[in-house]
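Chemist: My questions are about this predicted structure, shown below with the sequence.
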Amino acid sequence: MQKWQIELYGTPLWLLQTLAGVCLTAAVILFLVSKTRFGKEFAYLSGLCLTPKGRLKIGFAIIGMTVLLLTEVRLNVLSTFMSNGLYSSMQDLNLQAFWQFAAMNAGVVLLRTFNGVINDFLDQSFAIKWSQRLNSVLVERWLAQKNYYRLHMLRHEPDNIDQRIQQDAQDFIKSTIEFIRGMLNSVVSSLEFAFVLWGLAGILTMFGVNIPHGMVWFVFIFVILATFIAMWIGNPLIRFNYENEKLNGDYRYSLIRLRDHAESIAFYGGEQHEQQQLNARFSDIVRNRWRIARQSVGLSGFNDMFSNAIQLLPIILQAPRLFAGQIKIGDVQQTVQAFARLQKALSFFRMFYESFTAYRARLERLHGFLRRTETPHEPRKLNIRPISDGLRLHNVTLYRNNGEILISNISTELKTGSSLLIKGPSGCGKTSLLRAMAGLWPFGCTGTLYIPPHSEILFVPQRPYMPQGSLRHAICYPNICEQHPALTDTLRQCRLEHLIDKLDRHDDWQQKLSPGELQRIAFCRSLLTPAKVFLFDETTSALDEPTEALLYQLMRAKHPDSMIISIGHRSSLNPFHTQHLDIGQTTCS
Ligand SMILES: Nc1ncnc2c1ncn2[C@@H]1O[C@H](COP(=O)(O)OP(=O)(O)OP(=O)(O)O)[C@@H](O)[C@H]1O
């Protein structure tokens, strides 16, 4: 049997053996990598995306993808034997053998294409499913335990969470697949083509020393050396790429702020200031881009130089044996192919290093974000006891972010159907107290709060939020029935009759409606929500006094048994509250 026949018939066994070898090696590598920081971060992230049922499915998918990948490598190897036969048949002027090898070459090309298409499809399906899962994990974590709010209040790391959820997650998955695929391909191809080259390589004489199969040693030593040099040149890129993501996120955030505060900026005429800010942020990006450019030009220059320099080598090394009649032209051709494939496979990590630096940064960012969303450690936590009637604050103390006391020892009690007006100087902590009562104060809080369950409390901020969608949907946010029979009447009662015929219109209602209209909508929501406790944070600050009076009267009439706690500076609010608490005079620290 000729060499190519041995290789062809041995393919099924080779596939089985190599698959077993890959599984075993992967298990060992995974075990070793899991001890490193990178491995721990990766395991944490992928562990979150795996359900017990999903593990089996993913296991099968990965095995399927590995088999296709090994088939690709094997077809590449077979193709070198086929083209060896093709060239050798030309040298031997053997027409029949020539056509036989030409047909077999065409067959290998067809199979390779078919295999490649299936492989590509599987890769993409895997990426889509994974990104679906990772996205839901990230969004779930962000919204869980009010992390979106807590992290926003804490106002430091992690930065640009939107970017992490939207961009980092997608890129991370894409690069993981590319990286694992490339690694596997590189290792198996290296072994396979080293084996092919081993059979073709003769004795290499260097400095008077004869090295059997010298060419194989030569390519291994050089590529490994080059990989280390490339890693040394590219190492700073990890930090620069991390910075790049962060700086771009910051720049985008500044642009979004400009859009969101367009009106204030326009009234102040703050364009020049904004431009300076944006320019400064963009200059940071540019400075970092230059650092990346310098380093990556060095890295890709080195990679190019190495790849080009090593290309001619196999012909030069095999030429003396061809002229001595020891090998045929087909062998030289196969040597060139095998050498190139081996060199490419071994160089994978060197070439991938630059992308790997960005990949590493992305993994760190996602990992950092997810870690921050884990159960927060709050040394000082308000003791919240659910009760069905009334509300009581007992020795409640709030702390600032620097640990200082913001409000100290507040105690007060409300009965069902009563109302409390909280007053005090600006910055004294009135809103913070409401936040604490809603479980939203992140900087520490002690004491005991006896309050009805969370589902029976409605917090109404000064500037109510309007979600995207129709006006009806926005008014009924978050869980009022959109077909509520009293919806239009309530709008009328709140002096919003002009909005009734626009209920099903989609618009940016947050921007379109005036602050006073938004506050009246907030009252609409309150009237339609059967809560036991209403927490109003300056909810009438944009309204005239008659409307304010009307809305409070409506609230009392509609919810006679509910407790209303309001914050406000105006004395016009006094008649609508049965109790008063002046934080500024008594407890503000
Ligand atoms: N996210 C935050 N990080 C750090 N400090 C904060 C944060 N939010 C509020 N504070 C601080 O807590 C203090 C109380 O703020 P709060 O909004 O409760 O005051 P307030 O009495 O409601 O003021 P105003 O009457 O002006 O609305 C302020 O000094 C404020 O700077």
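Modeler: Here it is on my side, so go on. Numbers count the residues shown, from 1 in each chain.

Chemist: rest of the way, CA atoms for contacts and neighbours
Modeler: Will do.

Chemist: Let me know the next secondary structure element after the biggest helix by length in the chain.
Modeler: Across the chain, the longest stretch assigned as helix under DSSP state H is helix 95-143. As assigned by DSSP states H and E, the chain's next helix or strand after helix 95-143 is helix 147-154.

Chemist: I'd like the average pLDDT over that next one.
Modeler: Helix 147-154 comes out with an average pLDDT of 82.

Chemist: could I get it in CSV with only the CA atoms?
Modeler: Extracted C-alpha coordinates of helix 147-154, given in CSV (Å, rounded to 0.1, in the frame of the first residue of the first chain):
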residue,chain,number,x,y,z
ASN,A,147,-28.3,46.3,41.6
TYR,A,148,-28.9,48.7,38.8
TYR,A,149,-29.8,51.3,41.4
ARG,A,150,-27.3,50.3,44.1
LEU,A,151,-24.4,50.4,41.6
HIS,A,152,-25.6,53.7,40.2
MET,A,153,-25.7,55.2,43.7
LEU,A,154,-22.3,53.9,44.6
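
Chemist: Would you mark the buried spots in that helix?
Modeler: 147, 149-151 (16 or more other C-alpha atoms under 10 Å).

Chemist: And stretch 236-250, by the same measure?
Modeler: 237-238, 240-250.

Chemist: repeat for stretch 495-514
Modeler: 495-496, 499, 509-510.

Chemist: and the two most separated of the residues you listed?
Modeler: Using C-alpha to C-alpha, the buried residues of stretch 495-514 reach their maximum pairwise distance at 495 and 510, which is 18.1 Å.

Chemist: Enumerate the residues of this structure near the ligand.
Modeler: 153-154, 401, 426-432 (C-alpha under 6 Å from any ligand atom).

Chemist: before we move on, back to that, between the buried residues of stretch 236-250, which is nearest residue 227?
Modeler: For these, the nearest to residue 227 is residue 237 (15.3 Å; C-alpha to C-alpha).

Chemist: so who does that closest one touch?
Modeler: When contacts are counted by C-alpha atoms under 8 Å, 6 or more residues apart in numbering, residue 237 touches 292, 295-296, 354, 357-358.

Chemist: Determine the three-state secondary structure at residue 407.
Modeler: Here residue 407 is recorded as strand under DSSP: H, G, I helix; E, B strand; the rest coil.

Chemist: Burial check on it, number of neighbours?
Modeler: 23 (other C-alpha atoms under 10 Å).

Chemist: Just confirm it contacts residue 399, I think it does.
Modeler: Yes: Residue 407 lies in contact with residue 399 (C-alpha atoms under 8 Å); the separation is 7.0 Å.

Chemist: Mind telling me which residue is nearest the centre of the protein?
Modeler: Centroid-nearest residue in the chain: residue 169, 2.9 Å away (criterion: C-alpha atoms, centre = their mean).

Chemist: Which pLDDT does the model give residue 586?
Modeler: Reading off the model, residue 586 has pLDDT 49.

Chemist: How about residue 90?
Modeler: Residue 90 carries a pLDDT score of 89 in this model.

Chemist: what stretches of the stretch 101-250 of the chain score poorly on pLDDT?
Modeler: 155-159 (pLDDT under 70).

Chemist: mind redoing it with 90?
Modeler: The stretch 101-250 of the chain contains residues with pLDDT under 90 at 123, 142-171, 175, 178-246, 248-250.

Chemist: Tell me who's in contact with the residue in it positioned nearest to the ligand.
Modeler: The ligand sits closest to residue 153 of the stretch 101-250 of the chain, with a gap of 3.9 Å, by C-alpha to the nearest ligand atom. Counting by C-alpha under 8 Å, 6+ apart, residue 153 makes contact with residue 442.

Chemist: Report the distance from stretch 92-99 to the chain centre.
Modeler: 57 Å (C-alpha atoms, centre = their mean, to the nearest Å).

Chemist: Report the buried residues of it.
Modeler: 97-98.

Chemist: who's in contact with that stretch?
Modeler: Contacts to stretch 92-99, defined as C-alpha under 8 Å, 6+ apart, come from residues 85-86, 89-90.

Chemist: likewise stretch 200-210?
Modeler: For stretch 200-210, the external contacting residues (C-alpha under 8 Å, 6+ apart) are 211-216, 317-318, 321, 331, 335.

Chemist: end to end, how far does that stretch reach?
Modeler: Using C-alpha to C-alpha, to the nearest Å, the end-to-end distance of stretch 200-210 comes to 16 Å.

Chemist: do the same with stretch 521-540
Modeler: End-to-end for stretch 521-540, by C-alpha to C-alpha: 11 Å.

Chemist: for the record, mean pLDDT for that stretch?
Modeler: For stretch 521-540, the mean per-residue pLDDT is 94.

Chemist: any weak-confidence spans in the stretch 251-400 of the chain?
Modeler: In the stretch 251-400 of the chain, residues with pLDDT under 90: 252-254, 256-257, 259-270, 296, 298-366, 368-384, 386, 388-390, 400.

Chemist: show me where it has strands.
Modeler: Secondary structure of the stretch 251-400 of the chain (DSSP state E, counting those that start in this stretch): strands at 383-386, 391-399.

Chemist: which strands and helices sit next to the shortest one?
Modeler: In other words, strand 383-386. strand 445-451 (3 or more C-alpha pairs under 8 Å, 6 or more residues apart in numbering; DSSP states H and E).

Chemist: so the strand it packs on versus strand 391-399, what angle?
Modeler: With axes from the mean of the first three to the mean of the last three C-alpha atoms, to 10 degrees as the basis, strand 445-451 and strand 391-399 are set at 160 degrees to each other.

Chemist: tell me how far strand 445-451 is from the chain's mean position?
Modeler: Centroid separation between strand 445-451 and its chain, computed with C-alpha atoms, centre = their mean, is 37 Å.

Chemist: tell me the mean pLDDT over that strand?
Modeler: Average pLDDT, strand 445-451: 92.

Chemist: From here on, call the first residue 37.
Modeler: New numbering, starting at 37: the last item is strand 481-487.

Chemist: right, and the helix or strand after that strand?
Modeler: Proceeding N to C from strand 481-487, the next assigned helix or strand is strand 493-496, under DSSP H and E.

Chemist: Low-confidence bits of the stretch 487-625 of the chain, can you list those?
Modeler: Using pLDDT under 90, the stretch 487-625 of the chain drops low at 490-491, 497-499, 503-505, 514-515, 543-544, 546-548, 604-607, 618-625.

Chemist: can you give me the strands for it?
Modeler: All strands of the stretch 487-625 of the chain, identified by DSSP E, counting those that start in this stretch, fall at 493-496, 569-573, 599-603, 615-618.

Chemist: Buried residues, the third one. List them.
Modeler: What it means is strand 599-603. 599-603.

Chemist: Can you tell me which of the residues you listed is closest to residue 570?
Modeler: When the buried residues of strand 599-603 are compared for distance to residue 570 (C-alpha to C-alpha), residue 600 wins out at 4.8 Å.

Chemist: ok, that closest one touching residue 572?
Modeler: Yes: using C-alpha under 8 Å, residue 600 is in contact with residue 572, at 7.4 Å.

Chemist: Scan the contacts of residue 273 and report the most crowded one.
Modeler: residue 394 (24 neighbours).

Chemist: Apart from its neighbours in sequence, what residue is nearest that one?
Modeler: residue 277 (5.3 Å; C-alpha to C-alpha, 6 or more residues apart in numbering).

Chemist: residue contacts, the one you found?
Modeler: Neighbouring residues of residue 277 by C-alpha under 8 Å, 6+ apart: 328, 393-394, 397.

Chemist: Next, give me the two most distant ones among those.
Modeler: 328 and 397, at 13.7 Å, using C-alpha to C-alpha across the contacts of residue 277.

Chemist: so how far is residue 587 from residue 515?
Modeler: 21 Å.

Chemist: Give me the more crowded residue out of those two.
Modeler: Neighbour count, other C-alpha under 10 Å: between residue 515 and residue 587, residue 587 has more, with 20 against 10.
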